[in-house]
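Participant: Need a 3D model of the following:
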Amino acid sequence: MTEFFQSLGMNYEWAWFIATISGILLIALPLMLAVAMVIYVDRKVLGAIMMRRGPNVVGPFGLLQSFADGLKVFLQETIIPSAANKGIFLIAPIITFTVALLAWAVIPFDAGVVLADINVGLLYVLAISSLGVYGVVMSGWASNSKYPFFSAMRAAAQMISYEVSIGFVLVCVVLYAKTFNMTGIVMAQQGHGFGVINGFFANPLLFPMFVVFFISALAETARAPFDLTEAESELVAGYQTEYSSMSFALFWLGEYANILLMCSLCTLLFMGGWLPPVEWAPLYYVPGIIWFLLKTFFFFFLFSWIWATVPRYRYDQLMRLGWKVFLPMSLIFVAVISGWLMSQGHFN
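Facilitator: Below you'll find the predicted structure:
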């Protein structure tokens with residue numbers, strides 16, 4: 001893209017600047033539109049499973065319901081509790097929303113279609129995703145209310161617990177791919193399963209790690225059945241209790257952007273990313289970005305399905321699963337996978 005702007009007569013510095021801004025907008029604007037639409041899909045899936053209609057009034061088939069909700073919160077008054085720390089109270093949702101967008105810089109939608117194709121892309125995603133807890137903790141503390149504060153403490157413990165397991169799962173993926181580059185990880189999955197299946201999920205050693213990653217992604221995004229940070233039965237609405245108007249909307253946008261990020265990571269790390277499901281030449285005529293979007297949507301559908309069917313865990317069950325099941329299991333698989341690959345001369 002930089003070369004395109006240079007061909008229009010710009011010098012390199014301005015061409016690079018305009019190309020970078022254009023790339024950011026090409027990711028951020030469709031992502032915001034996608035967030036609005038997946039909220040609609042979420043409500044439609046929940047409605048279908050619970051034998052209700054879901055959104056069906058605003059626009060054809062209710063497609064404009066998310067935009068109507070966005071307009072409603074935009075026009076509402078922003079209320080700040082008198083005892084709250086006003087500065088941190090207002091910064092917290094901005095941090096949550098911004099951090100949710102930053103990780104998308106290294107997500108490849110197709111071969112070469114990525115804003116920053118850096119060698120440590122996977123480490124970048126892990127680092128950025130771990131920053132999301134700061135917005136939640138700041139909002140809980142700044143609200144000066146016991147329910148948001150309890151929610152913030154839960155969120156901190158929950159996200160830290162499951163990030164440990166996610167980290168060891170990523171080690172297993174990196175051992176097979178031999179790179180931290182997201183594009184390299186996708187290309188390493190080409191024909192990986194029995195020579196015809198594109199995806200690490202077909203590997204008997206990596207499939208359990210795929211399951212661990214998917215469940216940990218639910219906990220990392222505080223999604224049901226691990227939505228203990230927003231448990232209305234005991235915490236009213238969790239860390240969002242004191243928020244209204246666009247501050248509340250920014251939390252929602254950040255939450256769904258994180259969910260889409262985790263769905264895309266499931267696609268890139270285990271399902272072959274933009275590659276077709278199997279090595280069959282006619283499937284490569286379908287653009288890679290279509291495969292990527294279909295796989296990501298499939299995982300989002302699973303997120304919605306689980307929300308509608310699985311009851312919420314107790315907090316002690318959540319912690320036990322993370323520390324007593326997933327952590328030992330992922331550690332064992334790191335040792336087993338590294339030993340197996342060493343015996344096969346994988347690193348020679």
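
Participant: which residues of the stretch 1-150 of the chain score low on pLDDT?
Facilitator: Scanning the stretch 1-150 of the chain with the threshold set as pLDDT under 70 gives no residue ranges.

Participant: hmm, 80 instead?
Facilitator: The model of the stretch 1-150 of the chain has pLDDT under 80 over residues 1-11.

Participant: repeat for the stretch 201-348 of the chain
Facilitator: Within the stretch 201-348 of the chain, the stretches with pLDDT under 80 are 224, 228-238, 348.

Participant: buried stuff in the longest helix belonging to the chain?
Facilitator: What stands out as the longest helix in the chain, according to DSSP state H, is helix 12-49. Neighbour-count burial for helix 12-49 flags 15, 18-19, 23, 27, 31, 34-36, 38-47 (criterion: 16 or more other CB atoms under 10 Å). In short, each C-beta sits where N, CA and C put it, glycine included.

Participant: Are there helices or strands packed against whichever helix or strand comes after it, and which ones?
Facilitator: Past helix 12-49, further along toward the C-terminus, the next helix or strand under DSSP states H and E is helix 65-75. Judged by 3 or more CB pairs under 8 Å, 6 or more residues apart in numbering; DSSP states H and E, helix 65-75 is in contact with helix 12-49, helix 245-270.

Participant: Which strands or helices does the longest helix of the chain pack on?
Facilitator: helix 2-7, helix 65-75, helix 245-270, helix 288-309.

Participant: related to what we said a few turns ago, Serialize the helices and strands packed on helix 65-75 to JSON lines and add fields for distance to V173.
Facilitator: Formatted as JSON lines, the helices and strands packed on helix 65-75 follow (distance: least, CB to CB, whole Å):
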{"stretch": "helix 12-49", "distance to V173": "23"}
{"stretch": "helix 245-270", "distance to V173": "5"}
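
Participant: Which among those helices is found nearest to I91?
Facilitator: Closest of the helices and strands packed on helix 65-75 to I91 is helix 245-270, at 10.1 Å (criterion: CB to CB).

Participant: Okay, buried residues for that closest one please.
Facilitator: So for helix 245-270, counting by 16+ other CB under 10 Å, buried means 246-270.

Participant: got it, and stretch 106-115?
Facilitator: For stretch 106-115, by 16+ other CB under 10 Å, it's V106, I107, P108, F109, D110, V113, V114, L115.

Participant: Just to be sure, which of the residues you listed are found in helices?
Facilitator: Using DSSP H, none of those sit in helices.

Participant: which one among those residues gets closest to E234?
Facilitator: Using CB to CB, the buried residues of stretch 106-115 come closest to E234 at I107, 35.6 Å.

Participant: residue contacts, that closest one?
Facilitator: V114, V125, M182, L261, S264, L268 (CB atoms under 8 Å, 6 or more residues apart in numbering).

Participant: Please tabulate those residues in CSV, including the columns distance to K86.
Facilitator: What follows is those, written out as CSV (distance: CB to CB, whole Å):
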residue, distance to K86
V114, 39
V125, 32
M182, 39
L261, 30
S264, 35
L268, 40
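
Participant: right, and the pair among those residues with maximum separation?
Facilitator: The widest separation within these (CB to CB) is 14.0 Å, between V114 and L261.

Participant: of all the helices and strands packed on helix 65-75, which lies closest to S82?
Facilitator: helix 245-270 (15.9 Å).

Participant: and the spatially closest residue to S304 that is not a sequence neighbour, how far is that from T309?
Facilitator: Spatially, and ignoring its direct neighbours in sequence, S304 is nearest to V45 (4.0 Å; CB to CB, 6 or more residues apart in numbering). Distance, V45 to T309, by CB to CB, to the nearest Å: 11 Å.

Participant: for M271, same thing?
Facilitator: Here M271 is placed at a distance of 22 Å from T309 (CB to CB).

Participant: Name the nearest of the contacts of I107 relative to F210.
Facilitator: L268 (12.1 Å).

Participant: All set now, cheers.
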